[in-house]
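> give me the fold of what follows.
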Amino acid sequence: MSAVYKEDQEDWLTVCLKYLLFVFNFLFWVGGAAVLGVGIWTLVEKSDYLSLLASSTFAVSAYILILAGSLVVVTGFLGCCAVIREQRSCLSTYFFFLLLIFLIELVAGVLAYVYYQRLSEELKLHLNQTLAENYAQPGKEAITAAVDSLQQDFKCCGSNNSQDWMLSVYILSAQAESRVVPDSCCKTITPFCGMRDHPSNIYKVEGGCITKLEEFLTEHLLVIGAVGIGVACLQICGMVLTCCLHRRIKTEPY
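As a prediction, this is how the structure comes out:
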């Protein structure tokens, strides 16, 4: 009688583990969708601004999340098959993919955190130089469009203030046609509106575009880090449940 009871108890534990893994797989898919969505959101929303950054760390973090989110779709399907079929080889493969995605998301989270620490310094060193040397120059059309979008979207003018434009290659050239700031600094853009830098005509935001862009990127980096590390922690639960089910199947008689 005790042997039968013990066997029933083991079957009950195995069934519980299977249901818990099914629940985890559902949460895993939801988390994967969130990871994929955040990665795409990061690259699509204001993606022009990436050309204004000195390093590619921000974009790399987003691409890593997209890769991890895509792997979740495959891994989630594999997890369901492994649970239904109760094969140790499938469970081992499932565990391997969970571990791989865990490491990928952890890397994305760490990259976002590290870049967050030096974001302000990079913008201060690089953005002013970009505006001064590259705006409206041949072959720099992407940067020019990004700067124009930045100033219009964030209602700012210049990296620190509108005076930054006075030393730019564009304003000092004949191409500017007597403008003192680009037309994208204007509150209402009209041809040659950049000829007058009065506060009633152009955006004079304290801190300039550096402050605005830093706030924007910081928001994205915090979301990347939180989602990447949060879903990675969720996967630890999945790996533990997978190991437990693997042991239960291994000890059961055939």
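
> tell me the confidence at Asn134?
pLDDT, Asn134: 89.

> check contacts around the residue nearest to Asp148 when sequence neighbours are not counted.
Leaving aside its chain neighbours, Asp148 sits nearest to Ser184 (3.9 Å; criterion: CB to CB, 6 or more residues apart in numbering). All C-beta atoms are positioned from the backbone trio N, CA, C, and that covers glycine. Residues near Ser184 by CB atoms under 8 Å, 6 or more residues apart in numbering: Val147, Asp148, Ser149, Gln151, Gln152, Gly194.

> tell me where the model's unsure across the stretch 101-250 of the chain.
Scanning the stretch 101-250 of the chain for pLDDT under 70 picks out the ranges 249-250.

> so which residues of it form helices?
For the stretch 101-250 of the chain, helices defined by DSSP state H, counting those that start in this stretch occupy the ranges 141-153, 169-172, 208-251.

> so which of those helices gets nearest Leu100?
Shortest distance between Leu100 and these, using CB to CB, is found for helix 208-251: 10.0 Å.

> helices or strands next to the closest one in the packing?
Judged by 3 or more CB pairs under 8 Å, 6 or more residues apart in numbering; DSSP states H and E, the packing partners of helix 208-251 are helix 2-44, helix 57-85, helix 88-134, helix 141-153.

> the longest one to helix 2-44, inter-axis angle?
Yep, that's helix 88-134 we're talking about. Following axes from the mean of the first three to the mean of the last three CA atoms, to 10 degrees, one obtains 20 degrees for the angle between helix 88-134 and helix 2-44.

> same question, the last one
Here helix 141-153 runs at 100 degrees with respect to helix 2-44, directions being taken by the same axes, to 10 degrees.

> and helix 141-153, what does it pack against?
On the basis of 3+ CB pairs under 8 Å, 6+ apart, helix 141-153 makes packing contacts with helix 88-134, helix 208-251.

> so for Asn160, which of those helices sits nearest?
Across the helices and strands packed on helix 141-153, Asn160 has its closest neighbour in helix 208-251 (4.2 Å, CB to CB).

> next one: the closest one to chain centre, how far?
11 Å (CA atoms, centre = their mean, to the nearest Å).

> can you check stretch 53-71 too?
Relative to its parent chain, stretch 53-71 has a centroid offset of 6 Å by CA atoms, centre = their mean.

> quick check: which of the helices and strands packed on helix 141-153 is nearest to Ile189?
Comparison of these against Ile189 by CB to CB identifies helix 208-251 as nearest, at 16.2 Å.

> that closest one to helix 141-153, inter-axis angle?
100 degrees.

> who wins for most neighbours among the contacts of Ser184?
Of all the contacts of Ser184, Val147 has the most neighbours under the rule other CB atoms under 10 Å, reaching 28 neighbours.

> which residue, other than its chain neighbours, is closest to it?
Excluding the flanking residues, the one nearest Val147 by CB to CB, 6+ apart is Tyr135, at 5.5 Å.
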